[in-house]
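[1] Okay, sequence plus prediction incoming.
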Protein chains: 2
Amino acid sequence: VPEHTVTAYQQELAALEADIVRMGGLALAQVRDAISAISVRDAALIQSVVDQDARLDILEAEIEHLAVRMIALRQPVAQDLRHTLAAMKTANNLERCGDLAKSIARRTALMGDVDLAGILTGSMLRLGQLVTARLAQVLDAYAAHDDAAATDVWRRDREIDRQYDSLFRELLTYMMGDPRTITACAHLLFVAKNLERIGDHATNIAEVIHYEITGDSLPGTHRPRWDALQPPAGPTA
Amino acid sequence: VPEHTVTAYQQELAALEADIVRMGGLALAQVRDAISAISVRDAALIQSVVDQDARLDILEAEIEHLAVRMIALRQPVAQDLRHTLAAMKTANNLERCGDLAKSIARRTALMGDVDLAGILTGSMLRLGQLVTARLAQVLDAYAAHDDAAATDVWRRDREIDRQYDSLFRELLTYMMGDPRTITACAHLLFVAKNLERIGDHATNIAEVIHYEITGDSLPGTHRPRWDALQPPAGPTA
């Protein structure tokens, strides 16, 4: 394709990628609001996080619909196919981030009024900051087609895991020290896990971007499914 | 298409659906082994559950690859497209069941030797039985293209939720009664949650089957993304 010719496929792909960027912005805002809700525990904020999730569900449906139609009508191969599949995979990961943010917000309403300020302004806040930073970074990498930035997100996954492990132990220590905190801390265990899972989705998106750009999986990635996304072979019948 | 003519598309679809049935059998076996591991806590069994997961990842990759190729080359519409997308969605849900089973098995190694026989042979066992029954039922519904059976799985989702809620409260009560059980019970909270999530995936598959067969979403389903999977409109350019 000569440089000055924009094909119908390229136009559709640009629209699809713009949808992903928009969806990413919404998911990031929802995750940030959910993290605010952990310490604020305000009913209106919680409801707003829950409401925001419906828009992500609809956007994912639209993106999937567009991507399937592009694959059927344009029959893309090689990097063009990788772009379209990457959009579907990214939308799927963002939709799950929205589900997790909704779940975090709902949990905060079940915690009662036990004073856990030490955890909420310390370890939990740090975990939330790490996760939103990673999600923001991977969304920038997607918009800029920046493999180096995506690989950096993927490489830093362990920071989130370590912070989560430390918070898990801290919550158990609180529970052992004061049994009145057990119910609230049990919910916070799940809040922490959901944050860690949002971090996993950021890492998944980083792998998707790396595969989209290079056609290769990241070293040691336990996701052989990406290895199978080679361009389809010719017709079998 | 006359009844006696089997098209290349139909052959490929039959192969794809056979792969799903095989993958479903593996996922169900893995979930059953993970549930055994909760009470047995045997290192070899735990390792076996972890190892089984790699096969599911590879099968999902193969199914996705086949389905994308079918969409690109055969350009299916209406029910044919729904069959192919349903296969991809079902494989994705089964792969996540495998991840959750692996996570359950790994947790059982972290519980220490606190005596929790009361829970493990009571509420946890019942939750495990409900979840495996629902997963087995939805896999049968997929193989038999049985919408009534799939809808029944979807309708009974609340049984699992109720059993999970009751187990959650029971675990908190144990922790409050004997702080030495806090670490083990914290891991069991996640084991219970993972079982409940496997039940959610069975429900998701039920929705996929219902949509695949009827083209409609289930009433009150909070998954508008399925509404968007109408046959693609004609080319836009």
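    Right, received. Where do you want to start? Residues are numbered from 1 along each chain as shown, chains lettered A, B, ... in the order given.

[2] Show me which positions of the helix or strand of chain A with the lowest mean pLDDT end up buried.
    In chain A, no helix or strand scores lower on mean pLDDT, DSSP states H and E than helix A:117-120, which sits at a mean of 80. For helix A:117-120, burial by neighbour count (16 or more other C-beta atoms under 10 Å in any protein chain shown) applies to A:119-120. Just so you know, the C-beta spots here come from the backbone N, C-alpha and C atoms, and that holds for glycine as well.

[3] What helices and strands are in contact with that helix?
    Taking 3 or more C-beta pairs under 8 Å, 6 or more residues apart in numbering or on different chains; DSSP states H and E as contact, the helices and strands that helix A:117-120 lies on are helix A:157-177.

[4] what's downstream of the helix it packs on, the next helix or strand?
    helix A:182-214 (DSSP states H and E).

[5] quick check, that following helix touching chain B?
    Yes: among the residues of helix A:182-214, A:182-183, A:186, A:189-190, A:193 lie within reach of chain B under C-beta under 8 Å from any C-beta of the partner chain.

[6] which strands and helices sit next to that helix?
    helix A:8-40, helix A:78-108, helix A:123-144, helix A:147-155, helix A:157-177, helix B:157-177, helix B:182-214.

[7] The same query, at a cut-off of 6 Å, please.
    helix A:78-108, helix A:123-144, helix A:147-155, helix A:157-177, helix B:157-177 (3 or more C-beta pairs under 6 Å, 6 or more residues apart in numbering or on different chains; DSSP states H and E).

[8] what residues are up against the residue most central in space within chain A?
    Centroid check for chain A by C-alpha atoms, centre = their mean gives A:His201 as the closest residue, at 3.9 Å. If a contact means C-beta atoms under 6 Å, 6 or more residues apart in numbering or on different chains, then A:His201 has A:93, A:96-97 as its contacts.

[9] Give me the spatial nearest neighbour of it, chain neighbours excluded.
    A:Asn93 (4.3 Å; C-beta to C-beta, 6 or more residues apart in numbering or on different chains).

[10] try A:Tyr142
    In space, A:Tyr142 is closest to A:Ile209, 5.7 Å off (C-beta to C-beta, 6+ apart).

[11] swap in A:Ser123?
    Counting by C-beta to C-beta, 6+ apart, the residue nearest A:Ser123 is A:Leu167, at 4.4 Å.

[12] surely that neighbour meets A:Leu120?
    No: using C-beta atoms under 6 Å, A:Leu167 is not in contact with A:Leu120; the gap is 10.7 Å.

[13] burial count for the residue nearest to A:Tyr142?
    A:Ile209 has 25 neighbours, counted by other C-beta atoms under 10 Å in any protein chain shown.

[14] quick one: it and A:Ala150 touch, right?
    Yes: contact criterion C-beta under 6 Å: A:Ile209 and A:Ala150 qualify, at 3.9 Å.

[15] Need the overlap of contacts for these two.
    What both A:Ile209 and A:Ala150 touch, as defined by C-beta under 6 Å, 6+ apart, is the set A:Ala141.

[16] How much space separates A:Gln79 from A:His65?
    Separation of A:Gln79 from A:His65 (C-beta to C-beta, to the nearest Å): 22 Å.

[17] For the two, indicate the residue with more neighbours.
    A:His65 (17 against 13).

[18] Buried residues, whichever helix or strand that one is part of. List them.
    Using DSSP H and E, A:His65 sits in helix A:43-74. By 16+ other C-beta under 10 Å, the buried positions in helix A:43-74 come out as A:45-46, A:48-50, A:52-53, A:56-74.

[19] For A:Leu167, give its distance to chain B.
    12 Å (C-beta to the nearest C-beta, to the nearest Å).

[20] And for that residue, the neighbour number?
    23.

[21] Go through the helices and strands packed on helix A:182-214 and name the closest to A:Val114.
    Evaluated over the helices and strands packed on helix A:182-214, closeness to A:Val114 peaks at helix A:157-177, with 9.4 Å, by C-beta to C-beta.

[22] if we look at the closest one, which residues are touching it?
    Residues contacting helix A:157-177 (C-beta under 6 Å, 6+ apart): A:123, A:126-127, A:130, A:181-182, A:185, A:188-189, A:192, A:196, A:199, A:203, B:179, B:182-183, B:186.

[23] Can I have the buried ones of those as a ChimeraX selection?
    Of these, the buried ones go into a single ChimeraX selection, burial set by 16+ other C-beta under 10 Å:
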select /A:123,127,130,181,182,185,188,189,192,196,199,203 /B:179,182,183,186
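
[24] Just give the number of residues close to A:Asn93.
    For A:Asn93, using other C-beta under 10 Å, the count is 24.

[25] ok, now A:Val77?
    Neighbour tally, A:Val77, other C-beta under 10 Å: 12.

[26] what's the spacing between it and A:His83?
    Computed with C-beta to C-beta, the distance linking A:Val77 and A:His83 is 11 Å.
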